[in-house]
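Asks: Take this sequence and fold it.
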Amino acid sequence: MKIAGLVNDCNSLRDENHTLIEQVRTTSQCDVLIMIMAGHFMQSGEPSGIDKWQRTKLALEDGVDLVIELPYAYATSDRNEYAKAAIDLLIKADCNIMVFESEINNLEELQALADCSFNINNLIERPVSSTPFFNTYGLGLKAYYPHDILALAYLRALKSSSISACLIQALPININESIPSSIKQVAWNDYYPYLRLKLQTLNSSDLDLLYLISEGLIKHLVSQAKLYASYDEFIHHAIKKRYTKAKIQRALTHILTHTSHQDVLKLSKLDYLRVLGFNQIGQTYLKHLKSKKIKVVTRFNQIPLNYRQMELKASVAYAYALDEEKQNDLIQKEIEGPIIL
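Replies: Purely as a prediction, here's the structure:
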């Protein structure tokens, strides 16, 4: 029985999601397709254009059998931690194949790169919309395509597992078409007035305690917040060689949710699978996992306390950008059961 795993957030155009899932099923010839999905905030530091429950429903409609949540602390961490946690969940979900996208689509070359000793978090992303594809990278290049960088992190994390890696071609995407404006609900512009207030009024000692935020970055963000009243101007001037857009946005996410270094350090070992949604095939597979004594969580109160508190804070923070009715609805969904297709 082939159990395929995919790490994706379904935070793009519907046609792109459908095509991706179709490619994964065709390439892997899997019996069950499991998706690991970030919650309301992405690894890029962006708030998701539409909430995780809508994205779960779309993923199931497009052919995923089971959607599992990547906890907030790992979904908004650096590439290494993001990849390690995602692979850990796929191992717990008893997957035997992982399919992921790659711009160069060359497993042998990516594996050779992954085996080299360098920090993946220091790699610079090559813009996918402005640079033509190359047949090879070569070790001398300093910029890499975004899917390939994550592929390197996945391959390192897979090294100690029995899961086989499988690549599919990642196609260039127009970054301006991530989500149609008709359904986009939130963006950093919605949070910036509040974030700007926090940056200018909180003591630097309080900000220094927050997750993934250095003293230098805090001083930089505070100085930019004082100068610029709009988010677009703020982020444009805040980006430096040392501080990438993703790094800044992840910092803003942790400021928004007030997640500290200690909050993350106190987390227990990730030993559960939180189910966001499933179809009939997924439901049958969940019974298989439970029979193997895998800790499957379908109710909010089953999530370990520290993780539960973090997820609730993330949902409350995300809901800040919505009107009151939608805020209440989203928080209510957080404590209800999964989406069933």
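
Asks: show me where pLDDT drops low in the stretch 201-341 of the chain?
Replies: Residue ranges of the stretch 201-341 of the chain with pLDDT under 70: none are present.

Asks: Run through the helices of it in chain order.
Replies: Listed in chain order, the helices of the stretch 201-341 of the chain (DSSP state H, counting those that start in this stretch) span residues 204-207, 215-227, 231-238, 245-257, 261-265, 280-291, 305-319, 324-335.

Asks: of all those, which lies closest to Y145?
Replies: Among these, helix 245-257 comes nearest to Y145, with 14.3 Å by C-beta to C-beta. Placement of C-beta: from N, CA and C, glycine included.

Asks: any idea how far the closest one is from the chain center?
Replies: Its chain's C-alpha centre and that of helix 245-257 lie 13 Å apart, by C-alpha atoms, centre = their mean, to the nearest Å.

Asks: still on that earlier bit, please identify the deepest-packed of the helices of the stretch 201-341 of the chain.
Replies: helix 245-257 (a mean of 22; mean count of other C-beta atoms under 10 Å).

Asks: That one to helix 305-319, inter-axis angle?
Replies: Calculated by axes from the mean of the first three to the mean of the last three C-alpha atoms, to 10 degrees, helix 245-257 forms an angle of 100 degrees with helix 305-319.

Asks: Look at Q111 and report its pLDDT.
Replies: Q111 carries a pLDDT value of 95.

Asks: Contact partners for the residue nearest to it when sequence neighbours are not counted?
Replies: Nearest in space to Q111, with sequence neighbours left out and distances taken as C-beta to C-beta, 6 or more residues apart in numbering, is L155 at 5.7 Å. By C-beta atoms under 8 Å, 6 or more residues apart in numbering, the residues touching L155 are 110-111, 114, 165.

Asks: May I ask which of those has the most neighbours?
Replies: Counting neighbours by other C-beta atoms under 10 Å, L110 leads the contacts of L155 with 22 neighbours.

Asks: Distance of that one relative to A83?
Replies: 13 Å (C-beta to C-beta, to the nearest Å).

Asks: Quick one: mean pLDDT for whichever strand or helix holds K84?
Replies: Applying DSSP states H and E as the criterion places K84 in helix 79-92. Mean per-residue pLDDT for helix 79-92: 97.

Asks: what's in contact with it?
Replies: With C-beta under 8 Å, 6+ apart as the test, helix 79-92 has contacts from 5, 7, 34, 36, 43, 68, 70-71, 74-75, 77, 98, 120-121, 149-150, 153-154, 156-158, 161, 163, 270-273, 294-295.

Asks: Show me what counts as buried in it.
Replies: Counting neighbours by 16 or more other C-beta atoms under 10 Å, one finds that the buried residues in helix 79-92 are 79, 81-92.

Asks: What of stretch 11-19?
Replies: Buried residues in stretch 11-19 (16+ other C-beta under 10 Å): 11-12, 17-18.

Asks: Out of those, which one has the weakest pLDDT?
Replies: Minimum confidence in the buried residues of stretch 11-19 sits at S12, scoring 70.

Asks: separation between that residue and T19?
Replies: 10 Å.

Asks: for E101, same thing?
Replies: E101 is 11 Å from T19, where distance means C-beta to C-beta.

Asks: where do the strands sit along the stretch 101-250 of the chain?
Replies: Remark: strands assigned in the stretch 101-250 of the chain by DSSP state E, counting those that start in this stretch are 124-125, 143-144, 164-169.

Asks: CA atoms of the last one as PDB?
Replies: Included here for strand 164-169 are C-alpha records, laid out as PDB according to Å, rounded to 0.1, in the frame of the first residue of the first chain:
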ATOM      1  CA  SER A 164      11.400   7.600  -0.200                       C
ATOM      2  CA  ALA A 165      11.800  11.000  -1.900                       C
ATOM      3  CA  CYS A 166      10.000  11.800  -5.200                       C
ATOM      4  CA  LEU A 167      10.200  15.000  -7.200                       C
ATOM      5  CA  ILE A 168       7.800  16.700  -9.400                       C
ATOM      6  CA  GLN A 169       8.500  19.700 -11.600                       C
END
